[in-house]
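S.K.: below are the sequence and a predicted model for it; my questions follow.
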Amino acid sequence: MRRWDFVAAYLQGELEPGEVVYCHPPPGYETLGQDGKPRVCRVIKPIYGMAQAGRRWQRSLFPWLTSWGFKQSHSDPCVFTCERTIDSVTQSLVIGCYVDDLFVLYSTEGPGSLYSSFTTALSERWNVEDEGPVSDLLNVDITTDADCILLKQEKYIKHLVDTYLPDGVPASFHKNHAPAADDLPLR
C-alpha cells in the first residue's frame, strides 16, 4: 500500500462550466480601482479558502478515476476499485481518497502491472508525489509483512489519555469488577 499526494490539489481542480466566482484582491494588490471603487478579482481556478474548492477538486478527480476504469463504492464514495486481467493474471487496485491524498492498495507491482500503468497515468494527468509505503492512515498505524497487515491505534489512544486524563486514570476506574453485571447469563 502506497500513499500518493496531489501537490496543491485544490489548484488542480476546475470550476463548473459557467460558474463565476469573485474574491477580494490578495494582500499586496491594489484594493481600489482608478475610479476609487473597490476592486474584485474573478477566480479562474479553485483556490484554497474558497468554500467550494474541495468539492471542485473532487469533481475533477472522481470522473478521471471512473474514466480510467475504477468503480466507486456505494458504501463509501471515496473508495474506488479496479480489476483487470493482464497476461492471464487478474490484478486489482483499491484506492482510498482523503482530501489530497490517495492510498493505493495493489495486488501486483512491477513493469507492466496495473499499478504501474495507473501510477504512470496518474503522474501524466496530475502533479503528484509518491510518498512511499503507508505507515499511518487517519490515526491508525499500519505495519505490513509478507502475509499480514497490522493496524494499531496506540499513539492515538495515548494522545487521548494525555489530553483528557492528564492526571492519570481516576481511582474510580481502577475498581476490580467485570464490565458487565454479575447476573448476566452466559451461554
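M.R.: All right, it came through fine. Numbering: from 1, shown residues only.
S.K.: okay, CA-based contacts and neighbour counts for the rest of this
M.R.: OK.
S.K.: just checking, what packs against the longest strand along the chain?
M.R.: What stands out as the longest strand in the chain, according to DSSP state E, is strand 89-98. For strand 89-98, the elements it packs on are strand 79-86, strand 101-106, helix 114-125, judged by 3 or more CA pairs under 8 Å, 6 or more residues apart in numbering; DSSP states H and E.
S.K.: not counting the last one itself, show me its contacts.
M.R.: Contact partners of helix 114-125, identified using CA atoms under 8 Å, 6 or more residues apart in numbering, comprise 84, 86, 91-93, 106, 108-110, 128.
S.K.: swap the cut-off to 6 Å and go again
M.R.: E109 (CA atoms under 6 Å, 6 or more residues apart in numbering).
S.K.: now do it: distance to the chain's middle.
M.R.: Centroid separation for helix 114-125 versus its chain: 18 Å, with CA atoms, centre = their mean, to the nearest Å.
S.K.: now it: buried residues?
M.R.: 114-115, 119, 122 (16 or more other CA atoms under 10 Å).
S.K.: quick one: average pLDDT of the helix or strand D162 falls within?
M.R.: Per DSSP states H and E: D162 is located in helix 154-164. For helix 154-164, mean pLDDT is 87.
S.K.: name the helices or strands packed onto the helix or strand bottoming out on mean pLDDT in the chain?
M.R.: Taking mean pLDDT, DSSP states H and E as the measure, the chain has strand 136-137 as its least confident helix or strand, at a mean of 82. Packing partners of strand 136-137 (3 or more CA pairs under 6 Å, 6 or more residues apart in numbering; DSSP states H and E): none among the helices and strands.
S.K.: after that strand comes which helix or strand?
M.R.: Remark: after strand 136-137, the chain's next helix or strand is strand 140-145, criterion DSSP H and E.
S.K.: what distance do you get for the most centrally placed residue in the chain to T31?
M.R.: Geometric centre of the chain, nearest residue: Y98, 1.3 Å, by CA atoms, centre = their mean. Counting by CA to CA, to the nearest Å, the gap between Y98 and T31 amounts to 36 Å.
S.K.: before we move on, the earlier item: alpha carbons of the helix holding D162, as PDB, please.
M.R.: C-alpha atoms of helix 154-164 as PDB (Å, rounded to 0.1, in the frame of the first residue of the first chain):
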ATOM      1  CA  GLU A 154      -1.700   3.000  20.400                       C
ATOM      2  CA  LYS A 155      -0.300   6.600  19.700                       C
ATOM      3  CA  TYR A 156      -3.800   8.000  19.200                       C
ATOM      4  CA  ILE A 157      -5.100   6.400  22.400                       C
ATOM      5  CA  LYS A 158      -2.100   7.700  24.300                       C
ATOM      6  CA  HIS A 159      -2.800  11.200  22.900                       C
ATOM      7  CA  LEU A 160      -6.400  10.900  24.000                       C
ATOM      8  CA  VAL A 161      -5.400   9.800  27.500                       C
ATOM      9  CA  ASP A 162      -2.700  12.600  27.800                       C
ATOM     10  CA  THR A 163      -5.300  15.200  26.600                       C
ATOM     11  CA  TYR A 164      -8.300  14.200  28.600                       C
END
